[in-house]
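# Sequence and predicted model, in that order:
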Amino acid sequence: MIDKSILLKTIMLIFTSVIVIGNTASAKNADFTKTKTTINYSENNEGLYFDNENKLSFYQCVDDGRDEQHGYYMNLYKYRCDNGAIEKLQTIPIYEGDVRYAEEIGDAGDTIVVRTLKNRFVDFTVIDKDGKEVSNIVDKISYKKSDALSITDIYIKGKKLYYTYIINRSKVHIRCVHLKNEKFISDKILKSKGIVDEVIIFDNRVYMIADKDIKSYTLQGKKEISYKLPKVKKYIRISQNEKMPLREGMSISGKYIYYTNGKDGIYRCKINNEKNGFSLYYNTKKDSDFKESKFFDFCVKDKNSFYVRFIEREEDYGDPTVLVEFSSKKKSWEENSATNNSDDKSLSWINAKITEKDDTTT
């Protein structure tokens with residue numbers, strides 16, 4: 001006669017194992033299909049993002065010559081990628097200053113353009129779809145002409161505008177100004193080690209790749225959580241005595257932070273669950289595009305879709321010329337488990353779960 005207590009313990013052990021596997025497993029590379037699209041070359045590429053219609057979009061700034069009235073000028077182009085096709089949505093002439101950041105804001109599809117002007121002024125201008133200026137504020141920050149300045153993200157909360165910027169890839173600021181009267185509110189410096197290129201603002205938090213961690217801060221600059229990064233390469237050797245830092249990337253989608261060094265894989269970690277750490281989401285070592293091209297940046301749409309821009313190795317450029325969409329129609333373990341009745345205690349239900357997990361484990 002079967003001991004019911006032993007059977008129950010066995011079932012619970014199997015169920016617990018499935019739960020653990022389900023939280024750490026990644027999708028097989030074979031589950032993803034790829035759509036590759038050529039994009040225009042530009043030395044000024046703004047980050048990938050999803051617009052108000054949830055379509056991948058990005059901006060490029062190009063020196064298009066001069067005219068009699070304004071002299072030399074730039075054009076800021078707004079692009080959208082839909083089903084592998086790149087569509088130019090808008091052209092915004094830039095007659096003054098250097099474009100440091102651009103992104104679509106609001107439901108109307110307006111664009112906020114961030115420029116640096118003379119005397120260290122930072123200009124924030126909102127432009128509508130028809131090219132008309134909607135609003136404008138100016139802030140002034142402290143940096144030297146010789147400094148490398150990077151404005152990485154903006155975030156509007158109520159009547160406050162927050163933005164992050166990096167000086168010389170090491171000194172990270174989160175700055176706040178009032179939208180109505182342009183009054184300076186705060187400027188907090190985030191402590192960091194090593195080279196910093198990636199700082200983003202998401203859901204009232206600032207996230208920064210810092211050495212061996214991704215650190216999160218409040219908008220007021222208070223440190224909250226450190227997410228320990230997977231053990232991956234940070235540098236590649238280009239000669240016997242010289243190393244070059246790998247380009248890292250970070251994207252946040254849903255409840256997850258995604259990270260890659262462009263070589264050893266794309267990893268993800270659940271927000272506020274730093275103890276479990278990062279697990280492999282996509283194995284880039286087995287992907288021809290990651291092996292044959294240089295990673296530039298990426299953006300995750302959801303668990304089953306992400307986009308990557310690449311620099312083609314045969315081209316002597318430091319900027320992307322290819323956009324690749326990675327998509328999977330296969331449901332994740334979490335999505336499949338949500339459709340099942342949690343009250344079903346039968347062995348067949350547990351066995352079905354084990355089979356599903358075996359199919360999606362790398």
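In hand now; what should we look at?

# before we move on, what SS does Asn276 have?
coil (DSSP: H, G, I helix; E, B strand; the rest coil).

# any idea how far it is from Tyr165?
From Asn276 over to Tyr165 the distance is 32 Å, taken as CB to CB, to the nearest Å. In short, each C-beta sits where N, CA and C put it, glycine included.

# Neighbour count for these two, which is higher?
Tyr165 (24 against 12; other CB atoms under 10 Å).

# Hmm, Leu149 and that one touching each other?
Yes: Tyr165 lies in contact with Leu149 (CB atoms under 8 Å); the separation is 6.4 Å.

# if I look at those two, which residues touch both of them?
Among the neighbours of Tyr165, those also in contact with Leu149 (CB atoms under 8 Å, 6 or more residues apart in numbering) are Arg100.

# how deep is Glu68 tucked in, by neighbour count?
Around Glu68 there are 5 residues (other CB under 10 Å).

# Revised request: answer the last question for Glu325.
The tally of other residues near Glu325 (other CB under 10 Å) stands at 19.

# List the contacts of the closest residue to Tyr101 other than its chain neighbours.
In space, and not counting its chain neighbours, Tyr101 is closest to Val114: 3.9 Å by CB to CB, 6 or more residues apart in numbering. Counting by CB under 8 Å, 6+ apart, Val114 touches Val99, Arg100, Tyr101, Ala102, Val122, Asp123, Phe124, Ile151, Ile154, Tyr163.

# and the first one, what element?
Yep, that's Val99 we're talking about. If you go by DSSP states H and E, Val99 is part of strand 98-105.

# Sheet partners, orientation included, of that strand?
strand 110-116 (antiparallel) (DSSP bridges).

# Quick check: Asn261 vs Arg309, distance?
Separation of Asn261 from Arg309 (CB to CB): 15 Å.

# same question, Thr33
Applying CB to CB, the value for Thr33 to Arg309 is 18 Å.

# And for Pro230?
Counting by CB to CB - Pro230 and Arg309 are separated by 22 Å.

# Check Lys294 too.
10 Å.

# Between the two, tell me which one has more neighbours.
Set side by side, Lys294 and Arg309 show more neighbours around Arg309, with 23 against 18, by other CB under 10 Å.

# Now the closest residue to Leu117 other than its chain neighbours: phi and psi?
Among residues not flanking Leu117 along the chain, Gly97 sits closest, at 4.4 Å (CB to CB, 6+ apart). With angles defined as degrees, to the nearest 10, Gly97 sits at phi 80, psi 180.

# residue contacts, Gly97?
Under the criterion of CB under 8 Å, 6+ apart, the neighbours of Gly97 are Arg115, Thr116, Leu117, Lys118, Asp123.

# Quick one: buried ones out of those?
Buried members of the contacts of Gly97, scored by 16 or more other CB atoms under 10 Å, are Arg115, Thr116, Asp123.

# Just put those residues in JSON lines and tack on pLDDT.
Formatted as JSON lines, the buried ones among the contacts of Gly97 follow (pLDDT from 0 to 100):
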{"residue": "Arg115", "pLDDT": "98"}
{"residue": "Thr116", "pLDDT": "97"}
{"residue": "Asp123", "pLDDT": "98"}
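
# What is the burial count for Tyr77?
Neighbour count of Tyr77, defined by other CB under 10 Å: 19.

# Does it touch Tyr59 like I think?
Yes: using CB under 8 Å, Tyr77 is in contact with Tyr59, at 6.6 Å.

# sorry, back to before: tell me which of the contacts of Val114 is nearest to Lys193?
Proximity of the contacts of Val114 to Lys193 (CB to CB) peaks at Ile151, which lies at 21.5 Å.

# Could you confirm the closest one falls within a strand?
Yes: assigned with three-state DSSP, Ile151 falls within a strand.

# How about the contacts made by it?
When contacts are counted by CB under 8 Å, 6+ apart, Ile151 touches Arg100, Tyr101, Val114, Thr116, Val122, Tyr163, Thr164, Tyr165.

# how far away is the closest residue to the fourth one other than its chain neighbours from Arg115?
Going back to what we said before, that points to Thr116. Among residues not flanking Thr116 along the chain, Asp98 sits closest, at 5.1 Å (CB to CB, 6+ apart). Here Asp98 is placed at a distance of 6 Å from Arg115 (CB to CB).
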